[in-house]
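*Asks:* fold the following.
(one chain, ligands or ions: 1)
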Amino acid sequence: MNKVGFVGLGQMGGPMSRNLIKGGFNLRVFDLDPKAVAAVVKAGAKAAKSPKDAATGADAVITMLPIGAIVEQAVFGPDGIAEGMAKGALLIDMSTILPLDTDRIGKRLMERGFAMVDAPVGRTSAAAIEAKSMFMVGGSAADVARARPYLEKMGEAIVHCGPLGAGARMKLVNNYMSCVVNLLTAETLTLAEACGIGIETALEVLRGTPAGRGHINTTWPGKALKDDPKPEFMLDLAFKDLGLALDTAAQLNV
Ligand code: NAD
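*Replies:* Numbers count the residues shown, from 1 in each chain. As a prediction, the model looks like this:
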């Protein structure tokens, strides 16, 4: 329970592993970058020679790596995690990867008698430093319960999204909305500025309407998710307004 292997000590894995050490866990850590390893060793971890070495004797192994192919290599490659893990040990993959990669890695691990949950991370590295991350977790209820004590030291919100792979899928749903809304926010504030409206004024207005308060907090719980199809604002008027906004932006060349 107390011994954790941690592979991938970058912008996210670095602070996450340090928070586990602060929380009382004994860590054996591995990263291709010796500087990343040194920083976590300074905080109290032991340096491992390979992913296999990090996993040897661990109750749980955490991976926080860039992409699925790298996770798969770290788990099943030569000197990989699967060679070091004890039967029944738990892999917690916290990387953001293709859900089909999660499904395949999980199947291969389970065939060999290991357990796995996927627990990708919501929020940025600033939240990871403060142990205020959110985790979207996929796996059986029993495996998620096993992962909780580790996750609780690294974050403040744990949402069990469904079976293995559900966390990876929810993470993409979240990031899709996050990226698109962020881009839309940039476009919106650019248009406000081009119209000669100060950012502070634009923010005051936008924060007081569904535009800024978020349709996910207003329109959806208030109507759509209640199966209430009665319009409060007509589609043809919305269409007119989108056209007016685009015409105005085109006149301003933004
Ligand atoms: P990063 O590039 O800072 O860290 C990745 C680490 O993995 C590096 O230290 C690298 O040396 C190491 N690494 C690469 N290949 C390796 C291998 N084969 N064996 C061992 N170590 C290896 O990336 P990050 O920002 O920490 O992101 C990690 C994952 O978390 C990504 O999937 C990312 O999409 C996701 N994520 C990032 C953020 C963020 O704000 N940075 C937030 C949520 C999720």
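*Asks:* which ones are touching the residue of the stretch 1-150 of the chain found nearest the ligand?
*Replies:* Residue nearest to the ligand within the stretch 1-150 of the chain: Gly10 (1.8 Å; C-beta to the nearest ligand atom). Where you see a C-beta, it was placed from the backbone N, CA and C, and this is true even at glycine. Shown in contact with Gly10 (C-beta atoms under 8 Å, 6 or more residues apart in numbering): 31, 33, 36, 64, 66.
*Asks:* now do the SS call for it.
*Replies:* Following DSSP: H, G, I helix; E, B strand; the rest coil, Gly10 is assigned to coil.
*Asks:* quick one on the thing from earlier: which ones among the contacts of Gly10 are found in helices?
*Replies:* With helices defined by DSSP state H, the entries of the contacts of Gly10 inside them are Ala36.
*Asks:* please indicate which of the contacts of Gly10 are buried?
*Replies:* Neighbour counting by 16 or more other C-beta atoms under 10 Å classes 31, 36, 64 among the contacts of Gly10 as buried.
*Asks:* now narrow those residues to whatever sits close to the ligand.
*Replies:* Near the ligand, judged by C-beta under 6 Å from any ligand atom, the entries from those are 31, 36, 64.
*Asks:* write out the residues of the stretch 51-200 of the chain neighbouring the ligand.
*Replies:* Taking C-beta under 6 Å from any ligand atom as the criterion, the contact residues of the stretch 51-200 of the chain with the ligand come out as 64-66, 70, 73-74, 95-96, 121, 124-125.
*Asks:* tell me which of those residues fall in strands.
*Replies:* Val121 (DSSP state E).
*Asks:* which pair of the residues of the stretch 51-200 of the chain next to the ligand spans the longest distance?
*Replies:* Gln73 and Thr124 (25.9 Å; C-beta to C-beta).
*Asks:* ok, these two, which is more surrounded?
*Replies:* Neighbour comparison, Gln73 and Thr124: the larger count goes to Gln73, with 14 against 11 (by other C-beta atoms under 10 Å).
*Asks:* isn't the more buried one up against Asp79?
*Replies:* No: at 10.3 Å, Gln73 and Asp79 do not qualify as touching, with contact defined as C-beta atoms under 8 Å.
*Asks:* quick one: least confident helix or strand in this structure?
*Replies:* When the helices and strands of the chain are compared on mean pLDDT, DSSP states H and E, helix 219-222 comes out lowest with a mean of 92.
*Asks:* now that one, how far from the centre of its chain.
*Replies:* In terms of C-alpha atoms, centre = their mean, to the nearest Å, the centre of helix 219-222 is set 25 Å apart from its chain centre.
*Asks:* before we move on, what about stretch 175-187?
*Replies:* Taking C-alpha atoms, centre = their mean, one finds stretch 175-187 lying 16 Å from the centre of the chain it belongs to.
*Asks:* now swap in stretch 34-45 and tell me
*Replies:* Its chain's C-alpha centre lies 23 Å from the corresponding centre of stretch 34-45 when counted by C-alpha atoms, centre = their mean.
*Asks:* just want the phi and psi numbers for the residue lying closest to Thr188 once chain neighbours are set aside.
*Replies:* Beyond its immediate neighbours in the sequence, the residue positioned closest to Thr188 (C-beta to C-beta, 6 or more residues apart in numbering) is Leu206, lying 7.1 Å away. Note on Leu206: its backbone torsions stand at phi -60, psi -30 [degrees, to the nearest 10].
*Asks:* what about the residue of the stretch 151-254 of the chain found nearest the ligand, how many residues nearby?
*Replies:* Of all residues in the stretch 151-254 of the chain, the one sitting closest to the ligand is Lys171 (7.6 Å; C-beta to the nearest ligand atom). Taking other C-beta under 10 Å as the criterion, the count of residues near Lys171 is 25.
*Asks:* so what's it up against?
*Replies:* For Lys171, the contact set (C-beta under 8 Å, 6+ apart) comprises 96, 120-122, 136.
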